[in-house]
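**Student:** Coordinates for the following, if possible.
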Amino acid sequence: MTHPSSPRRAPPVHAARPARPRSGDPARAGKGVQAAAGPRPAADGSVALWQQLAQVALALQAIRSGQSGTAALAAVRPDLRPGVQSLLFQVLRQAGRAETLRRHMASRTPPPAADALLCTALALCWDPQQSPYEPFTLVNQTVEAAKHDPATRPQASFINGCLRRFLREREALVAATDGEPLARWNHPRWWIERLRRDHPSTWEAILAANNAHAPMTLRVNRLKSSQAQYRIALDAINLGSFPVGESGLVLERPVPVQTLPGFAQGWVSVQDAAAQRAAGLLLDGVDLAQPLRVLDACAAPGGKTAHLLEHAGEGAPLQVTALEIDPVRASRITETLDRLGLHAQVVVADAARPDTWWQQHCNGALFDAILLDAPCTASGIVRRHPDVRWLRRESDIAQLAAIQARLLEALWPLVRAGGRLLYCTCSVFRAEGEQQVQTFLAHNTDAVLLPSPGHLIPAARDSRTHVPDNPASDHDGFFYALLQKTSP
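**Tutor:** Sure, this is the predicted structure:
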């Protein structure tokens, strides 16, 4: 799914909320986080809360400087990563409120390290109902973190003063920031305004969904099990689920994939309900008894490639070519297929330059179907990647839309007459969805838009907001347009 100049999509990661520390030992937080070069854990394996907060603040500072959350977390020791990730995700979901509160208490922006630590504490403690620890504990441990780090030690008194003031004046300060969009919605102002224009009736629902926790959704491999059978297997380990779509199951709580029945044997994959619609949209209505040449144009990490093969069924004469420009990510496609017991031709190449791969790897033969899951802003998967909203700039939309247009222009000639191309993005911005497709149709008179979902708005299962054409389930934001090439 990657392309030059496009943002990388990190794999969804599910982390449990950190437990509150036991009373009487507020400075210890069980398994926490520390930098690889930082202090070692205590003999009992615990890490002081101040060490956790210090690492979360370092990650926040890295994201503010343009690094992805995935890269920032990669610097944390693997055994300690879940704890800091859980805290970091909460901080990122409340970073707008924290920044607004800090501005109300300090007329001048502190140095980056101190500001990141201060905003980390404010994001975690501004709402006691959502706070993972008691606010006074977070304040004490934040000050402790400031004293231990040479980068923040000169501002330790300033951080202490701000946080003590916040504890005293919390209600007044929160009320003073309630009217500011950055604090209310925890998204950049330009993002909020763009959504209001693009989705005037549902923009608030989109923002609310972005700040919620995403569920863990599975796709059952129909070649090895069924939705009903696998649900029974989950019930046997006391893991509740509910069905979504033809092959999906939404878990009542996230778990490590290694604990899922038959995961290593390829019974299931982790894939959001919205993403699971791609295979059916592209292949339903096609004669799967006839040999079909299918291209997955931006395929890493291989989830949709695998689903195409699963959806076609055992023995279907489906020849799938999976393209990926990044060699490292291309290797993940192979790993995905190997675990599921599936096969496709994996090619490392730029989908926008067919001259470098089409003749060599595909013998210059036209495709019956192409899946183009194009690079995008990832504005539809913010609840899984809360760093995205703070990394993106409004100018990214036009730059990515240009890449999407180039990919459509390059791949459309490779579709045979009567064949189809499914264009999709995990974006809710219309410039990357509806507007992109309408422009393409205006310039390609041999393209016909078949019935398609269009924009799927991110929504929770218990959401009371009705969105036309959305499936009644918990899913990410997505866009789908199915295009068919007419005969000359």
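
**Student:** contacts for stretch 237-257?
**Tutor:** Contact partners of stretch 237-257, identified using Cβ atoms under 8 Å, 6 or more residues apart in numbering, comprise 14-16, 215-222, 227, 230-231, 234, 259, 261, 263, 268, 270-271, 273, 276-277, 280, 310, 461, 471, 473-475. To be clear about C-beta, it is placed using only N, CA and C from the backbone, and glycine gets the same treatment.

**Student:** and if we set it to 7 Å?
**Tutor:** Residues outside stretch 237-257 that contact it (Cβ atoms under 7 Å, 6 or more residues apart in numbering): 14, 16, 215-220, 222, 227, 230-231, 234, 261, 263, 270, 273, 276-277, 280, 473-474.

**Student:** what about burial for these, which qualify?
**Tutor:** For the contacts of stretch 237-257, a burial check counting by 16 or more other Cβ atoms under 10 Å picks out 14, 215-220, 222, 227, 230-231, 234, 261, 263, 270, 273, 276-277, 473-474.

**Student:** Of those residues, which belong to strands?
**Tutor:** Thr217, Leu218, Arg219, Val220, Val270 (DSSP state E).

**Student:** quick one: which of those residues is nearest to Gly419?
**Tutor:** Arg219 (25.3 Å; Cβ to Cβ).

**Student:** what's the burial count for the closest residue in space to the closest one that isn't next to it in sequence?
**Tutor:** Nearest non-adjacent residue to Arg219, counting by Cβ to Cβ, 6 or more residues apart in numbering: Gln271, 4.4 Å away. Neighbour count for Gln271, taken as other Cβ atoms under 10 Å: 19.

**Student:** for Ser201, same thing?
**Tutor:** When counting by other Cβ under 10 Å, one arrives at 11 neighbours for Ser201.

**Student:** Next one: it relative to Tyr480, how far apart?
**Tutor:** Going from Ser201 to Tyr480 by Cβ to Cβ, to the nearest Å gives 20 Å.

**Student:** again, but for Val320
**Tutor:** 19 Å.

**Student:** next one: Ala233
**Tutor:** Distance from Ala233 to Tyr480, by Cβ to Cβ: 30 Å.

**Student:** Then Ala289?
**Tutor:** Note on Ala289: its distance to Tyr480, by Cβ to Cβ, is 25 Å.

**Student:** Name the nearest residue to Thr439, sequence neighbours excluded.
**Tutor:** Thr439's closest residue in space is Ala405 (Cβ to Cβ, 6+ apart), at 7.2 Å.

**Student:** Please read the previous query as pertaining to Ala264.
**Tutor:** Arg339 (7.0 Å).

**Student:** How many residues are close by the one you found?
**Tutor:** With other Cβ under 10 Å as criterion, Arg339 counts 17.

**Student:** In terms of helices and strands, where is it?
**Tutor:** Assignment of secondary structure by DSSP states H and E places Arg339 within helix 327-340.

**Student:** buried residues in that helix?
**Tutor:** So for helix 327-340, counting by 16+ other Cβ under 10 Å, buried means Arg329, Ala330, Ser331, Arg332, Ile333, Thr336, Leu337, Arg339, Leu340.

**Student:** Ok, stretch 121-131 next?
**Tutor:** Here stretch 121-131 shows Ala121, Leu122, Ala123, Leu124, Cys125, Trp126, Ser131 as buried, counting by 16+ other Cβ under 10 Å.

**Student:** Run a quick check on Glu99 versus Thr120, I expect a contact.
**Tutor:** No - if you go by Cβ atoms under 7 Å, Glu99 and Thr120 don't touch, sitting 11.1 Å apart.

**Student:** which ones are touching the residue nearest to Arg219?
**Tutor:** Gln271 sits in contact with Thr217, Arg219, Gly303, where contact means Cβ under 7 Å, 6+ apart.

**Student:** Starting from the strand or helix carrying Gln51, tell me the next helix or strand along the chain.
**Tutor:** Assigned by DSSP H and E, Gln51 belongs to helix 49-64. Following helix 49-64 in sequence order, the next helix or strand is helix 69-74 (DSSP H and E).

**Student:** distance between that following helix and the chain's centre?
**Tutor:** Relative to the chain's own centre, helix 69-74 is displaced by 13 Å; criterion: Cα atoms, centre = their mean, to the nearest Å.

**Student:** which residues of the stretch 151-300 of the chain fall in helices?
**Tutor:** With DSSP state H, counting those that start in this stretch as the criterion, the stretch 151-300 of the chain has helices at 156-177, 181-185, 189-198, 203-210, 227-236, 277-283.

**Student:** a markdown table for those helices, including mean pLDDT and distance to Leu456?
**Tutor:** Shown next, in a markdown table, are the helices of the stretch 151-300 of the chain (pLDDT from 0 to 100; distance: least, Cβ to Cβ, whole Å):
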| stretch | mean pLDDT | distance to Leu456 |
| --- | --- | --- |
| helix 156-177 | 97 | 32 |
| helix 181-185 | 97 | 20 |
| helix 189-198 | 98 | 13 |
| helix 203-210 | 94 | 11 |
| helix 227-236 | 97 | 20 |
| helix 277-283 | 97 | 8 |
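
**Student:** out of the ones you listed, nearest to Ser86?
**Tutor:** Using Cβ to Cβ, the helices of the stretch 151-300 of the chain put helix 203-210 closest to Ser86, at 17.6 Å.

**Student:** Report all helices and strands that the closest one contacts.
**Tutor:** Contacts defined by 3 or more Cβ pairs under 7 Å, 6 or more residues apart in numbering; DSSP states H and E place helix 203-210 against helix 189-198.

**Student:** tell me which residues of the helix it packs on are tucked away?
**Tutor:** For helix 189-198, burial by neighbour count (16+ other Cβ under 10 Å) applies to Trp191, Ile192, Arg194, Leu195, Asp198.

**Student:** Could you do stretch 160-178 as well?
**Tutor:** Counting neighbours by 16+ other Cβ under 10 Å, one finds that the buried residues in stretch 160-178 are Asn160, Cys162, Leu163, Phe166, Arg170, Leu173, Val174, Thr177.

**Student:** what comes into contact with that stretch?
**Tutor:** Looking at what lies outside stretch 160-178 - Cβ under 7 Å, 6+ apart - the contacts are 97, 100-101, 104-106, 118, 121-122, 126, 135-136, 139, 142-143, 183-184.

**Student:** same thing with stretch 353-370?
**Tutor:** Contacts for stretch 353-370 (Cβ under 7 Å, 6+ apart): 282-283, 286, 292-295, 297, 321, 345, 347, 349-350, 410-411, 414-416, 419-421.

**Student:** Distance to Ala401 added to the helices of the stretch 151-300 of the chain, as TSV?
**Tutor:** Converted to TSV, the helices of the stretch 151-300 of the chain look like this (distance: least, Cβ to Cβ, whole Å):
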stretch	distance to Ala401
helix 156-177	34
helix 181-185	24
helix 189-198	13
helix 203-210	19
helix 227-236	36
helix 277-283	20
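
**Student:** and Gly69, which of those helices is closest to it?
**Tutor:** Comparing the helices of the stretch 151-300 of the chain by Cβ to Cβ, helix 203-210 comes nearest, at 14.4 Å.

**Student:** Now Leu282: closest residue in space that isn't a chain neighbour?
**Tutor:** Leu422 (4.4 Å).

**Student:** so where is the stretch 351-488 of the chain shaky, pLDDT-wise?
**Tutor:** 460-473 (pLDDT under 70).

**Student:** can you give me the strands in it?
**Tutor:** Assigned by DSSP state E, counting those that start in this stretch, the strands in the stretch 351-488 of the chain fall at 367-373, 415-425, 447-456, 478-485.
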